[in-house]
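J.: got a predicted structure here, sequence first:
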Amino acid sequence: MTAALIGSRLAAAYPDARCDLDHRSPFELLVAVVLSAQTTDARVNQVTPELFARYPDAEHLAGAEQDDVEEIISSLGLYRSKARSLTGLARALVADHDGRVPDSLDELVKLPGVGRKTANVVLGDAFGIPGITPDTHVIRVSNRLGWVHSTKPDDVERAVGALFPPGEWVVLCHRIIWHGRRCCRARTPACTACPMSDICQAKAQGRTAELPRKKYGNNLQSGFTLLKTSYALTGYISALGAYRSEMDGACSPDFVRKFYQSGYRIADLLERLPQTSEQDFQTTLSQIRTDLEALQTEAGDARQSHILHRQLTLIAKQLDPCYRSLHDIEAIPQAA
């Protein structure tokens, strides 16, 4: 009853709620959503006109130099990582989907830089396929309303999805996002102007400022594990650089291509590790393991190829403990 009431009040307060990212096609939406990570939609909308004028489709973007893409999007956070993701996903679209954006969650999350949240935005707004998009606003508002007591995207997606019929999911998330930006802000929530103030659990309990609360876990042990994992990763990556310099002429062209494909996927996941949900992490890790199995087959009897495969495998084995320890300590309060 309360969820339905909140849904109706959100509908009345934000009847025109929609995706704020400017786009004219599924491809443009996909690119814009990838760019929006840790960046406001308004900032993204400032760079996409030039980006789409230069690269109007996957075929054009697939042939782009990463440096040229970086120059266009350099005003955005994480622009180097995003430029690499964009050129990588464009090449994957051309190679695997004839340049078209797939309308399948399983296929979308295989693209570089695309996680479950990004995929659900594209599916909902480009193809009308229902999905919950647990961004920072949806997580915050859902916790304050008492729908869920977790900041994990997977938990929020399940909890919110269970409260509303699938046909309402897409527009509901847009309304929650608009509400989070305009009223239920993280630091200065406008509770007196909130249409849900009389039924908001956080307000009733006087806990608006502290919610959503993150669990800290075993900080000391997790920190120690993360330190050891980071040290191991640094060593393996440094050694990989030394071995890679001897690759030319010692490895087959197919091995080199698959080596860079595997290495790219690992590097992309490492950069996204702090913001990646567990479900997205497990999906990408499974893809990396499949890549490495194919790479091992391609190595054949070449000694240098086996060494390079071994180094990538050692790096990949550190991803799971690194993810676990990182997410255990991500909410440690900073010293004053």
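T.: That came in fine, so what should we check first? Numbers count the residues shown, from 1 in each chain.
J.: could you pull out the helices for the stretch 101-250 of the chain?
T.: For the stretch 101-250 of the chain, the helices defined by DSSP state H, counting those that start in this stretch cover 105-108, 116-127, 136-145, 153-163, 169-182, 201-204, 219-244.
J.: quick one: the ones you listed as TSV, columns for mean neighbour count, mean pLDDT and distance to Cys322 too.
T.: No exception for glycine: its C-beta is placed from N, CA and C like everyone else's. Output for those, formatted as TSV (neighbours: other C-beta atoms under 10 Å; pLDDT from 0 to 100; distance: least, C-beta to C-beta, whole Å):
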stretch	mean neighbour count	mean pLDDT	distance to Cys322
helix 105-108	16	94	25
helix 116-127	22	95	20
helix 136-145	23	95	23
helix 153-163	19	94	19
helix 169-182	22	97	30
helix 201-204	18	93	33
helix 219-244	15	63	4
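J.: for Thr290, find the nearest of the ones you listed.
T.: helix 105-108 (13.5 Å; C-beta to C-beta).
J.: could you say what helices and strands that closest one packs with?
T.: Counting contacts by 3 or more C-beta pairs under 8 Å, 6 or more residues apart in numbering; DSSP states H and E, helix 105-108 packs against helix 116-127.
J.: which residues touch the helix it packs on?
T.: Helix 116-127 is contacted by residues 19, 25-26, 29-30, 33-34, 101, 103, 105, 108-109, 129-135, 153, 157, 169-170, 173, 277, 279-280, 283 when judged by C-beta atoms under 8 Å, 6 or more residues apart in numbering.
J.: how about a cut-off of 6 Å?
T.: By C-beta atoms under 6 Å, 6 or more residues apart in numbering, the list of residues contacting helix 116-127 from outside reads 19, 26, 29-30, 33, 103, 105, 108-109, 129, 131, 133, 170, 279-280.
J.: follow-up on the earlier one: so which of the helices of the stretch 101-250 of the chain gets nearest Ser8?
T.: Proximity to Ser8, assessed across the helices of the stretch 101-250 of the chain by C-beta to C-beta, is greatest for helix 169-182 (10.6 Å).
J.: from the contact counts, what lies against that closest one?
T.: helix 136-145 (3 or more C-beta pairs under 6 Å, 6 or more residues apart in numbering; DSSP states H and E).
J.: mind doing that once more with 8 Å?
T.: helix 2-13, helix 116-127, helix 136-145, helix 153-163.
J.: which stretches of this protein have low pLDDT?
T.: 1, 213-233, 236, 238-249, 327-336 (pLDDT under 70).
J.: may I have the phi/psi pair for the residue located most distally from the centre of it?
T.: Going by C-alpha atoms, centre = their mean, the residue of the chain most distant from its centre is Asp301, 37.7 Å out. Dihedral pair for Asp301: phi -100, psi 0, per degrees, to the nearest 10.
J.: from Gly263, how far out is it?
T.: According to C-beta to C-beta, to the nearest Å, Asp301 and Gly263 sit 22 Å apart.
J.: quick one: contacts for Arg272?
T.: Neighbours of Arg272 in contact, by C-beta under 8 Å, 6+ apart: Ser81, Gly113, Gly115.
J.: please list all residues in contact with the second one.
T.: What that stands for is Gly113. Val34, Ser81, Lys82, Arg84, Ser85, Leu86, Gly88, Leu89, Asp268, Arg272.
J.: just name the closest of those residues to Gln296, please.
T.: Closest to Gln296, out of all of the contacts of Gly113 and judged by C-beta to C-beta, is Asp268, at 20.7 Å.
J.: ok, and the closest non-adjacent residue to the closest one?
T.: Leaving aside its sequence neighbours, Asp268 sits nearest to Pro112 (C-beta to C-beta, 6 or more residues apart in numbering; 5.5 Å).
J.: isn't that neighbour up against Ala92?
T.: Yes. Pro112 is within contact range of Ala92, at 6.5 Å (criterion: C-beta atoms under 8 Å).
J.: now do the shared contacts for those two.
T.: The contact lists of Pro112 and Ala92 share no entry, where a contact means C-beta under 8 Å, 6+ apart.
J.: what's near enough to touch the residue nearest the centre of the chain?
T.: With distances taken as C-alpha atoms, centre = their mean, Gly115 lies nearest the centre of the chain, 4.5 Å away. When contacts are counted by C-beta under 8 Å, 6+ apart, Gly115 touches Val109, Arg272, Thr276, Ser277, Asp280.
J.: the first one: how many residues sit nearby?
T.: Looking back up the chat, that one is Val109. By other C-beta atoms under 10 Å, the residues close to Val109 number 19.
J.: list the contacts for Cys194?
T.: Per C-beta under 8 Å, 6+ apart, neighbours of Cys194: Cys183, Cys184, Cys200, Lys203.
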